[in-house]
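# Structure for this input, please:
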Amino acid sequence: MKVSILKKTQFIPKWNENSLETDPVKFHLRYLTTGEIEACIKIKPVRIAGGDPEIEIDTDSRRMFELAVVRIENLEVEPGGEIATAKELMGQPGFNRLYNEVLLFIQGMNAHMDKKK
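Next up is the predicted model:
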């Protein structure tokens, strides 16, 4: 079987009405490899006395975010200047809602990889 998949995508968050801006903040993202996903998401079986076995999922969200974000476009802070990388964003206070919105998108896009159209 021949499969054609996307390697990269872009995401414009709705955070702070960003999507309505003339030059919105844009995240350039890449899909994670199977090995990277396995390194970021650990599934552990958990035994419950007298009950059915369950699983525990441990996600390294920061690692997933930093691996997936190729670059950030049109994000500036005062003072400080342009934020262009995931590591720069993670080092700034006040971006929790933006981080969470983008992280949820990254998790979703890697759970359901799109086929090329």
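# Run through the bridge partners of residue 59.
residue 41 (DSSP bridges).
# what about this structure, any weak spots by pLDDT?
Residues of the chain that meet the criterion pLDDT under 70 lie in 113-117.
# Now do the helices in it.
Counting by DSSP state H, the chain has helices at residues 34-40, 61-68, 86-90, 96-111.
# Tell me if I'm right that residue 105 and residue 11 touch.
Yes. Contact criterion C-beta atoms under 8 Å: residue 105 and residue 11 qualify, at 5.1 Å. Every C-beta, even on glycine, is put in place using the N, C-alpha and C of the backbone.
# can you list residues touching both of those two?
Listed contacts common to residue 105 and residue 11 are 27, 29; contacts here mean C-beta atoms under 8 Å, 6 or more residues apart in numbering.
# wait, isn't residue 68 in contact with residue 108?
No. Using C-beta under 8 Å, residue 68 makes no contact with residue 108, being 11.3 Å away.
# higher neighbour count, the two?
A count of neighbours by other C-beta atoms under 10 Å puts residue 68 above the other of residue 68 and residue 108, at 26 against 9.
# For that one, which non-adjacent residue is spatially closest?
Once flanking residues are discounted, residue 68 sits nearest to residue 106: 4.6 Å by C-beta to C-beta, 6 or more residues apart in numbering.
# go on, residue 13?
Leaving aside its chain neighbours, residue 13 sits nearest to residue 101 (4.8 Å; criterion: C-beta to C-beta, 6+ apart).
# check contacts around the one you found.
Contacts of residue 101 (C-beta under 8 Å, 6+ apart): 13-15.
# Of these, grab the buried ones for PyMOL.
Only the buried entries of these go into this PyMOL selection, using 16 or more other C-beta atoms under 10 Å:
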select buried, resi 13+15
